[in-house]
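**Q** 3D model of this:
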Amino acid sequence: MNIKTMDTSLIQKCFLAGANTIDAKKEVINDLNVFPVPDGDTGTNMTMTIMSAAKEVAALENPDMKTLCKAISGGSLRGARGNSGVILSQLLRGFTKEIINVEEVDVDVLTKAFERAVESAYKAVMKPKEGTILTVARGGAEKALELNGRTDNIAEFMNKVIMHMRDVLDQTPEMLPVLKDAGVVDSGGEGLITVLEGAYAALIGKEVKYEIEEPATPATKTAGADIDVVAEADIKFGYCTEFIIMLEKKFDSADEREFKAYLESIGDSIVCVADEDIVKIHVHTNDPGLAIQKALTYGSLTRMKIDNMREEHNERVIQNAQKIAEEQKKGNTASAAISESEKKENGFISVSVGEGLSEIFRELGVDCIIEGGQTMNPSTEDILGAIRRVNADNIFVLPNNGNIILAAEQARELTQDKNIVVIPTKNIPQGIAAMINFVEGLTPEQNEEAMTEGLADVKSGQVTYAVRDTVIDGKEIKAGDIMGLSDKTIETVGTDVVETTIDLLKAMMDDESELVTIYYGEEGTEEDAEKIAESIQELDDEVEIEIQYGGQPIYYYFVSVE
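**A** Sure, this is the predicted structure:
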């Protein structure tokens, strides 16, 4: 088949065919995930990214090239989720920038479009790593440049480009040892080729699917506006008390432990973070005066804030009930959870998963919770929606997952009317640490530095089960095994959840460890968490151990060591 040019109609068909092809094969791509965890989601992320654009493209009737390109670029940028999805959206963005001003596309235009696509994608990633989707995309662009001038047949051109990209994909295990150990090729590269193979099938006239189904999206909640959580809240301690101690005497780790113990005797939801000259305090108590009197023995106080939570609770329940009733009358329940408030200087958005973890973020001052994380990475549009909900000049975004950071940064680039600060938190414990390190009164730049620097002090881990057999870092793993993962690798493998968690914490701790926090999930229990804590305490009787309900799915425990 000799195809010299592609008009808008053919490009539209090819794009929709590519989207449907990856949708049909997303689970195959998910299975290429290096770590055998139950949240391998590259295929899902790439599919939902391109489907966001495909929905807009499918709705166009006889579009011109400019309209089609805007739908592809804008839809994929807003719908991008996960690192692979963001990179795919940038590839599409660069590609459409090159073809937007032409009426028909030939081999020469395609070559330039491939080159611009790769350029855009590489710019989006701070530290590009070879052996990934970027390498596969660049291989395609290089092959296109080699073929340009040798053939003007788009069908022949695309077939050879895709074949070369698959050859590059097959070499990715040699570029990334972790792929070789796991016996897989790069999942993002496989996803990109899958899209192009679907588009090529449409190009040469094969029977393909063009219908686009509505993609699912994670929920976004405004912190404090979830009426079910508020209505069921059991407020044991009535006053939310916050202040900063300006130290006038020594306050070492022993003093910190003593002060925390005192606060625990008069309340809960304790936050006590010491820096060189200040100590930041947060406590829920029925007698704020006791906390203040104790604090005054260490120095003077500033930024004092005491809120009556019972009063706020009652007012919030009434207000939210009224608001939901009004919205239901209008048939618009989706906006019922949006909190209307006066504009403030600083606001916070956090990605979270699990009722307990979300409540911890709310107590730390997060305005808007995006439900997502491990099993459902929120899209750029989800984050943009949260940004619209928070009425603040400066908004700090906590992705709390390494696979969400790029989507958050993309949302920042698409926001013009607010100052968006993305703190590159890679997990929940880092997100909590970042919130604790925020200090009211500092500039956004100062807080960004303080919150980011605080991440280095937190070692994080998680415990889950293996979904397939593999070998990683010399560890043989069988489907169903329990795995303890640190920030960097799989530290421990076993058959018992409690023992594996203990082994993970032992691997994470060192002589400087002062605080261990255990967040138990849906499949973990407080009783087992206490067993873990007892074993760690026997190992080190000086370390402080906290147990929190996280409620997260899939992961039995999140743990952190500071």
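**Q** quick one, strands of the stretch 351-500 of the chain?
**A** Taking DSSP state E, counting those that start in this stretch, the strands of the stretch 351-500 of the chain run over residues 368-371, 392-398, 419-422, 459-465, 470-472, 475-477, 482-486, 490-494.
**Q** starting from the last one, tell me which strands it pairs with and how they run.
**A** It stands for strand 490-494. Partner strands for strand 490-494, per DSSP bridges, with pairing direction: strand 482-486 (antiparallel).
**Q** now do the strand it pairs with and strand 459-465, the angle between them.
**A** Counting by axes from the mean of the first three to the mean of the last three C-alpha atoms, to 10 degrees, strand 482-486 lies at 160 degrees to strand 459-465.
**Q** now the stretch 301-450 of the chain, which segments are flagged as low pLDDT?
**A** Across the stretch 301-450 of the chain, the stretches falling below the confidence threshold (pLDDT under 70) are 309-341, 373-375.
**Q** ranges for the helices of it?
**A** Along the stretch 301-450 of the chain, counting by DSSP state H, counting those that start in this stretch, helices occupy 309-330, 355-363, 380-389, 405-413, 428-436, 444-453.
**Q** which residue is nearest the centroid of the chain?
**A** Residue closest to the average C-alpha location in the chain (C-alpha atoms, centre = their mean): Ile404, at 3.0 Å.
**Q** that older thread, the strands of the stretch 351-500 of the chain: which one's closest to Glu119?
**A** For Glu119, the closest of the strands of the stretch 351-500 of the chain is strand 419-422, at 22.7 Å, according to C-beta to C-beta. Quick note: C-beta positions are derived from backbone N, CA and C, even for glycine.
**Q** note down every partner strand of the closest one and its orientation.
**A** strand 392-398 (parallel).
**Q** other SSEs contacting the helix or strand that contains Thr501?
**A** Taking DSSP states H and E as the criterion, Thr501 maps to helix 497-508. Applying 3 or more C-beta pairs under 8 Å, 6 or more residues apart in numbering; DSSP states H and E, one finds that helix 497-508 contacts strand 459-465, strand 482-486, strand 490-494, helix 526-539, strand 557-561.
**Q** quickly compare these and say which is most buried.
**A** Of all the helices and strands packed on helix 497-508, strand 557-561 has the most neighbours on average by mean count of other C-beta atoms under 10 Å, namely a mean of 25.
**Q** who touches that strand?
**A** With contact meaning C-beta atoms under 8 Å, 6 or more residues apart in numbering, strand 557-561 is reached by 357, 427-429, 432-433, 458-463, 497, 501, 504-505, 508-509, 513, 515-521, 524, 529, 532, 550, 552.
**Q** next, the angle from it to helix 355-363.
**A** With the same axes, to 10 degrees applied, the angle from strand 557-561 to helix 355-363 works out at 40 degrees.
**Q** now strand 557-561: mean pLDDT?
**A** Here strand 557-561 scores 94 as its mean pLDDT.
**Q** and that strand, how far out from the chain's middle?
**A** 18 Å (C-alpha atoms, centre = their mean, to the nearest Å).
**Q** likewise stretch 296-308?
**A** 34 Å.
**Q** buried ones in it?
**A** Tyr298, Gly299 (16 or more other C-beta atoms under 10 Å).
**Q** can you check stretch 97-117 too?
**A** Residues 97-100, 102, 105-107, 109-117 are the ones in stretch 97-117 that count as buried (16+ other C-beta under 10 Å).
**Q** stretch 445-462 now?
**A** Under 16+ other C-beta under 10 Å, the buried positions of stretch 445-462 are Asn447, Glu448, Ala450, Met451, Thr452, Gly454, Leu455, Val458, Lys459, Ser460, Gly461, Gln462.
**Q** any idea how far apart the tips of it sit?
**A** 31 Å (C-alpha to C-alpha, to the nearest Å).
**Q** who touches the residue lying closest to Ala507 once chain neighbours are set aside in this structure?
**A** Leaving aside its sequence neighbours, Ala507 sits nearest to Glu491 (C-beta to C-beta, 6 or more residues apart in numbering; 4.4 Å). Each residue near Glu491 by C-beta under 8 Å, 6+ apart is listed here: Gly461, Gly484, Leu485, Asp503, Leu504, Ala507, Met508.
**Q** what's near enough to touch the third one?
**A** Residues in contact with Leu485, defined by C-beta under 8 Å, 6+ apart, are Phe35, Val37, Gly461, Gln462, Val463, Thr464, Glu491, Leu504.
**Q** how about the second one: what's its closest non-neighbour residue?
**A** The shortest distance from Val37 to any residue other than its chain neighbours is 5.5 Å, reached at Thr464 (C-beta to C-beta, 6+ apart).
**Q** quick check: the residue nearest to the centre of the chain touching Ala80?
**A** No - applying C-beta atoms under 8 Å, one finds Ile404 not in contact with Ala80, separated by 10.5 Å.
**Q** picking that back up, now a ChimeraX select for only the buried ones of the contacts of strand 557-561.
**A** Selection of buried members from the contacts of strand 557-561 for ChimeraX, criterion 16+ other C-beta under 10 Å:
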select :357,427,428,429,432,433,458,459,460,461,462,463,497,501,504,505,508,509,513,515,516,517,518,519,520,521,524,529,532,550,552
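**Q** list the beta-bridge partners for the residue nearest to Val37.
**A** Bridge pairing for Thr464 - DSSP bridges - gives Met483.
**Q** I'd like the distance between it and Glu499.
**A** 15 Å (C-beta to C-beta, to the nearest Å).
**Q** same question, Lys280
**A** 36 Å.
**Q** compare those two (neighbour count), which wins?
**A** Shown here are Lys280 and Glu499; by other C-beta atoms under 10 Å, Lys280 has more neighbours (19 against 16).
**Q** check which helix or strand covers the more buried one.
**A** Element membership for Lys280 (DSSP H and E) is strand 278-285.
**Q** off-centre distance for whatever helix or strand comes next after that strand?
**A** Heading C-terminal from strand 278-285, the first helix or strand you meet, by DSSP H and E, is helix 288-296. Relative to its chain's centre, helix 288-296 lies at 38 Å (C-alpha atoms, centre = their mean).
**Q** with stretch 167-179 instead?
**A** Using C-alpha atoms, centre = their mean, the offset of stretch 167-179 from its chain centre is 26 Å.
**Q** repeat that for stretch 285-300.
**A** The answer for stretch 285-300 is 38 Å, by C-alpha atoms, centre = their mean.
**Q** quick check: mean pLDDT across it?
**A** Regarding stretch 285-300, the rounded mean pLDDT is 91.
**Q** now the host helix or strand of Ile72: buried residues?
**A** In the assignment (DSSP H and E), Ile72 maps to helix 65-79. Under the neighbour-count criterion of 16+ other C-beta under 10 Å, helix 65-79 has Met65, Leu68, Cys69, Ala71, Ile72, Ser73, Gly74, Gly75, Ser76, Leu77, Arg78, Gly79 buried.
**Q** residue contacts, the last one?
**A** Shown in contact with Gly79 (C-beta under 8 Å, 6+ apart): Met48, Thr49, Ile50, Met51, Ser52, Ala53, Gly85, Ser89, Pro215, Ser379, Thr380, Glu381.
**Q** which one in those is the model shakiest on?
**A** Lowest pLDDT among the contacts of Gly79: Pro215, 46.
**Q** just to check, Ala392 is in contact with Lys418?
**A** Yes - Ala392 is in contact with Lys418 according to C-beta under 8 Å; the separation is 7.1 Å.
**Q** quick one: common contacting residues for the two?
**A** Counting by C-beta under 8 Å, 6+ apart, no residue touches both Ala392 and Lys418.
**Q** surely Tyr519 is in a strand?
**A** Yes - counting by DSSP: H, G, I helix; E, B strand; the rest coil, Tyr519 is part of a strand.
**Q** show me what it is bridged to.
**A** Bridge pairing for Tyr519 - DSSP bridges - gives Gln548, Phe558.
**Q** which one of the helices and strands packed on helix 497-508 lies nearest to Phe251?
**A** Per C-beta to C-beta, nearest to Phe251 of the helices and strands packed on helix 497-508: strand 557-561, 21.6 Å.
**Q** put the alpha carbons of that closest one into CSV.
**A** Only the C-alpha atoms of strand 557-561 are listed here, as CSV (Å, rounded to 0.1, in the frame of the first residue of the first chain):
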residue,chain,number,x,y,z
TYR,A,557,1.9,-1.5,56.5
PHE,A,558,3.6,1.7,55.6
VAL,A,559,6.5,2.4,57.9
SER,A,560,8.9,5.3,58.4
VAL,A,561,12.2,5.7,60.3
